[in-house]
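Novice: Sequence plus predicted model, see below.
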Amino acid sequence: MVKQEKLKRILMLIKERRITAYEIAAKTSLSEVGINKILNGNSTNPHQATVDILAQYLSEHHNIEENWFDKGEGIKQSMNLPSREELEGLSSSEKHEIVSKLCAFIVYNEEEFLNDKIFYNLVERKAYELMIKMMQDNSIGE
């Protein structure tokens with residue numbers, strides 16, 4: 001049953017991200033035909049090694065945390081952020097790209113983040129502060 005749950009999560013991510021059998025085959029030891037059989041539902045009980053290779057591919061090439069496949073809990077996607085010192089050396093367009101990736105990361109993992117009380121309270125507080133600032137800005141312009 002554990003293998004089937006892991007496979008279900010893998011297939012969900014592959015579908016979500018529109019990853020093709022060709023892309024997976026190009027970076028793994030699996031054949032495109034074999035992967036297509038799994039993706040199309042013609043092979044419903046692949047070997048454990050095949051399932052593990054698919055999980056490893058998603059982990060390495062799509063930043064999915066490996067333990068997410070086994071438990072389905074926690075953050076699906078991981079992200080490495082630069083340190084404060086590294087950020088200082090980046091151009092504004094590079095910083096913008098990092099912020100965009102961070103926003104996408106948060107949206108992609110929204111459910112897990114909102115279940116975290118500390119993160120939820122932080123977002124709620126920042127939204128409240130932003131609302132107050134907007135109200136103050138509007139009253140200044142009147």
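Specialist: All right, it came through fine. Everything numeric here is computed off the predicted structure, so don't read it as measured data.

Novice: Residue 68 sits in which helix or strand?
Specialist: According to DSSP states H and E, residue 68 maps onto helix 66-71.

Novice: neighbours around residue 48, how many?
Specialist: The number of residues packed near residue 48 is 11, by other CB atoms under 10 Å. (Each C-beta comes from the backbone N, C-alpha and C, glycine too.)

Novice: could you pull out the helices for this structure?
Specialist: With DSSP state H, the ranges of helices along the chain come out as 2-16, 21-27, 32-39, 48-62, 66-71, 84-88, 92-108, 110-114, 117-141.

Novice: If you average pLDDT over each of the ones you listed, which is lowest?
Specialist: Here the helices of the chain differ in mean pLDDT, and the lowest is helix 110-114 at a mean of 74.

Novice: Centre of the chain to that helix, how far?
Specialist: Here the centre of helix 110-114 is set off from its chain's centre by 12 Å, with CA atoms, centre = their mean, to the nearest Å.

Novice: Just list what it packs against, helices and strands only.
Specialist: Contacts defined by 3 or more CB pairs under 8 Å, 6 or more residues apart in numbering; DSSP states H and E place helix 110-114 against helix 117-141.

Novice: Buried ones in the helix it packs on, by neighbour count?
Specialist: For helix 117-141, a neighbour-count test (16 or more other CB atoms under 10 Å) marks nothing as buried.

Novice: for stretch 38-57, same thing?
Specialist: Result for stretch 38-57 [16+ other CB under 10 Å]: buried residues 38, 39, 46, 50, 51, 53, 54, 55, 57.

Novice: what's the span of that stretch, first residue to last?
Specialist: Start-to-end span of stretch 38-57 (CA to CA, to the nearest Å) is 15 Å.

Novice: count of neighbours near residue 65?
Specialist: Neighbours of residue 65 under the rule other CB under 10 Å: 14.

Novice: so what pLDDT did it get?
Specialist: 78.

Novice: For it, give its distance to residue 72.
Specialist: 11 Å (CB to CB, to the nearest Å).

Novice: Check residue 62 too.
Specialist: Counting by CB to CB, the gap from residue 62 to residue 72 is 16 Å.

Novice: so what's the residue nearest to residue 36 when sequence neighbours are not counted up against?
Specialist: Spatially, and ignoring its direct neighbours in sequence, residue 36 is nearest to residue 21 (4.4 Å; CB to CB, 6 or more residues apart in numbering). Contact analysis of residue 21 by CB atoms under 8 Å, 6 or more residues apart in numbering lists 32, 33, 35, 36, 39.
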